[in-house]
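Colleague: need a structure here:
(2 chains)
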Number of protein chains: 2
Amino acid sequence: MKTRDRILNAALTLFNEQGERKVSTNHLAAHLGMSPGNLYYHFKNKQDIIYYLFLQHEAQIESALSLPKGAQGIMTLEDKFNVMLGVFESLWHYRFIHLNLSQLLSDNPKLKQRYREFYQACLGKLDAVYQGLNEAGIISISQEQRKGLVTNTWINVTGWFAFLQSCVLEEGQSISKNMVEGGMYQVLQLESPYINPDYLADIDALKQAYQLALV
Amino acid sequence: MKTRDRILNAALTLFNEQGERKVSTNHLAAHLGMSPGNLYYHFKNKQDIIYYLFLQHEAQIESALSLPKGAQGIMTLEDKFNVMLGVFESLWHYRFIHLNLSQLLSDNPKLKQRYREFYQACLGKLDAVYQGLNEAGIISISQEQRKGLVTNTWINVTGWFAFLQSCVLEEGQSISKNMVEGGMYQVLQLESPYINPDYLADIDALKQAYQLALV
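Modeller: Numbering: from 1, shown residues only, chains lettered A, B, ... in the order given. Prediction:
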């Protein structure tokens, strides 16, 4: 593995496990058995490492939100589930970002600008997913409803970590993969008024699975 | 006005205008033309002031969410609108809390505990509001849908400030009352699939009003 990738991987692990605030570049270099000078040869500073980790996360999310091009070009319920699963996998994998997003953005203007562009790109892709579901007859939704649903889904998913931290986590407890995936239940609830009757039973089964994950 | 209330009022104004982080107790005492010793006679420290301001906000929100007891004991669309308006007025009035909530909670274990209790109380009251709307025939909603809607409304409303900060505000721009109230559009979108046809035109008129507020 290239040194640059080794640094990014180790940083991601330590940031996720210990919290980004508690991990310095010196700490990271020591963990890698590398001189701070060697680390600075690859990255200007910690902000720079965070920025490149964000780019990896962004690429994963944008890929998860990309419409599957199946044989018939028509979305299936499985495609829809894979979109959601891909998004929540990546949220978990890069959870240090979402556990401290407002601070990271206010510390780093370059990341803040990139995040706004990411948001715009995601809105477009999420809108296309709901359009695909509508065309496939899985949901029935008007254009205005779709626009509202896209924004609400974004706010819900990106607000899920803050919600877990402020309202769900007990003192001393830390966030688990199940808790993060519990956010899928809330997304399914947002979507459920638009689901066509033929698909309700499948969606309900999914909801049951992810509602339990939160408890 | 009692000195204690003068301190709370001045703190709220300065926190909202300058950001809580930038306002020290010395700064606050100077602003009030008062010795730091006099200020400390009333409040142990800045955390203590923040805690009591949160209690004021909490009381306002819980009052806004309390079901109106009209002549017939049946909710009207106006009652529903007043609930929402009362909540968003208070969010704006105590905006310094929501502009920096995760930091405030992690700095202050007593506030964190209180916030969790506040969340539980709000869930119950919000659930009663939706139950009232259902009984009045303004919405049609099952128990499971209501539970999902209550949680999603909470996540949306409390996540609205972070959304504005990370995705909507331009560089150097600060949050306005219109932007905060723009969150009502998103709440109306969350609720709209459950609105009964007789009420759709009124709700649409409201949505138009608050969608414009955001732009």
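Colleague: Give me the buried positions along the longest helix seen in chain A.
Modeller: Longest helix in chain A, counting residues (DSSP state H): helix A:109-135. Neighbour-count burial for helix A:109-135, with 16 or more other Cβ atoms under 10 Å in any protein chain shown as criterion, is recorded at A:111-112, A:114-116, A:118-119, A:122-123, A:125-127, A:129-134. Backbone N, C-alpha and C define where each C-beta goes, glycine included.
Colleague: near chain B too, which of those?
Modeller: Of the residues in those, proximity to chain B by Cβ under 8 Å from any Cβ of the partner chain holds for A:112, A:115-116, A:119.
Colleague: ok, of those residues, which one's closest to chain B?
Modeller: Chain B lies nearest to residue A:119 out of these, by Cβ to the nearest Cβ, at 4.4 Å.
Colleague: ok, the closest one - contacts?
Modeller: A:154, B:166-167 (Cβ atoms under 8 Å, 6 or more residues apart in numbering or on different chains).
Colleague: contact partners of stretch A:88-98?
Modeller: Contacts with stretch A:88-98, where a contact means Cβ under 8 Å, 6+ apart, come from A:12, A:15-16, A:19-20, A:50, A:53-54, A:56-57, A:60-61, A:64, A:104, A:157-158, A:160-161, A:175, A:177, A:180-181, A:183-184.
Colleague: Next one: the nearest residue to residue A:106 once chain neighbours are set aside from residue A:119, what distance?
Modeller: Spatial nearest neighbour of residue A:106, chain neighbours left out: residue A:112 (7.4 Å); criterion: Cβ to Cβ, 6 or more residues apart in numbering or on different chains. To residue A:119, residue A:112 is 11 Å away according to Cβ to Cβ, to the nearest Å.
Colleague: now do residue A:211
Modeller: Residue A:211 is 28 Å from residue A:119, by Cβ to Cβ.
Colleague: again, but for residue A:199
Modeller: 29 Å.
Colleague: Kindly indicate which of the contacts of residue A:119 lies nearest residue B:84.
Modeller: Minimum distance to residue B:84 across those is 20.9 Å, recorded for residue A:154 (Cβ to Cβ).
Colleague: Residue A:167 contacts residue B:116, doesn't it?
Modeller: Yes. Taking Cβ atoms under 8 Å as the definition, residue A:167 is a contact partner of residue B:116 at 6.0 Å.
Colleague: Break chain A into its domains for me.
Modeller: In terms of domains, chain A is parsed into A:1-43, A:50-214 (source: automatic domain parsing).
Colleague: Lowest mean pLDDT across the ones you listed, which one is that?
Modeller: In terms of mean pLDDT, the lowest-scoring of the domains of chain A is domain A:50-214 (a mean of 92).
Colleague: ok now that one, how far from the chain's centre?
Modeller: 6 Å (Cα atoms, centre = their mean, to the nearest Å).
Colleague: residues in chain A within reach of chain B, list them.
Modeller: A:100-103, A:105, A:109, A:112, A:115-116, A:119, A:145, A:148-149, A:151-152, A:154-156, A:158-160, A:162-163, A:165-167, A:171, A:185-186, A:189-190, A:192-194.
Colleague: List only buried entries from those.
Modeller: A:100-102, A:105, A:112, A:115-116, A:119, A:145, A:148-149, A:151-152, A:154-156, A:158-160, A:162-163, A:165-167, A:185-186, A:189-190, A:192-194.
Colleague: what about the closest residue to residue A:136 other than its chain neighbours, distance to residue B:61?
Modeller: Closest residue in space to residue A:136, ignoring its immediate chain neighbours: residue A:75 at 4.3 Å, by Cβ to Cβ, 6+ apart. Separation of residue A:75 from residue B:61 (Cβ to Cβ): 40 Å.
Colleague: more neighbours, these two?
Modeller: residue A:75 (24 against 21; other Cβ atoms under 10 Å in any protein chain shown).
Colleague: For stretch A:155-169, give me every contacting residue.
Modeller: Residues contacting stretch A:155-169 (Cβ under 8 Å, 6+ apart): A:87, A:91, A:95, A:98-99, A:101, A:175, A:179-180, A:182-183, A:186-187, A:190, A:214, B:101-102, B:105, B:112, B:115-116, B:119, B:152, B:154-156, B:158-160, B:162-163, B:166, B:186.
Colleague: List the ones among the residues you listed that fall in helices.
Modeller: Going by DSSP H, the helices hold A:87, A:91, A:95, A:98-99, A:101, A:179-180, A:183, A:186-187, A:190, A:214, B:101-102, B:105, B:112, B:115-116, B:119, B:152, B:154-156, B:158-160, B:162-163, B:186 from the contacts of stretch A:155-169.
Colleague: Determine which stretch of the domains of chain A is the most buried.
Modeller: domain A:50-214 (a mean of 17; mean count of other Cβ atoms under 10 Å in any protein chain shown).
Colleague: could you measure the residue nearest the centre of chain A against residue A:85, distance?
Modeller: Residue closest to the average C-alpha location in chain A (Cα atoms, centre = their mean): residue A:91, at 3.1 Å. According to Cβ to Cβ, residue A:91 and residue A:85 sit 11 Å apart.
Colleague: How about residue A:24?
Modeller: Distance from residue A:24 to residue A:85, by Cβ to Cβ: 34 Å.
Colleague: So what does residue A:195 look like in phi/psi?
Modeller: phi -70, psi 140 (degrees, to the nearest 10).
Colleague: give the contact list for it.
Modeller: A:138-139, A:203.
Colleague: Could you single out the nearest of those residues to chain B?
Modeller: For the contacts of residue A:195, the nearest to chain B is residue A:139 (10.9 Å; Cβ to the nearest Cβ).
Colleague: Give me the nearest residue to the closest one, chain neighbours excluded.
Modeller: Closest to residue A:139 by Cβ to Cβ, 6+ apart is residue A:194, at 4.1 Å.
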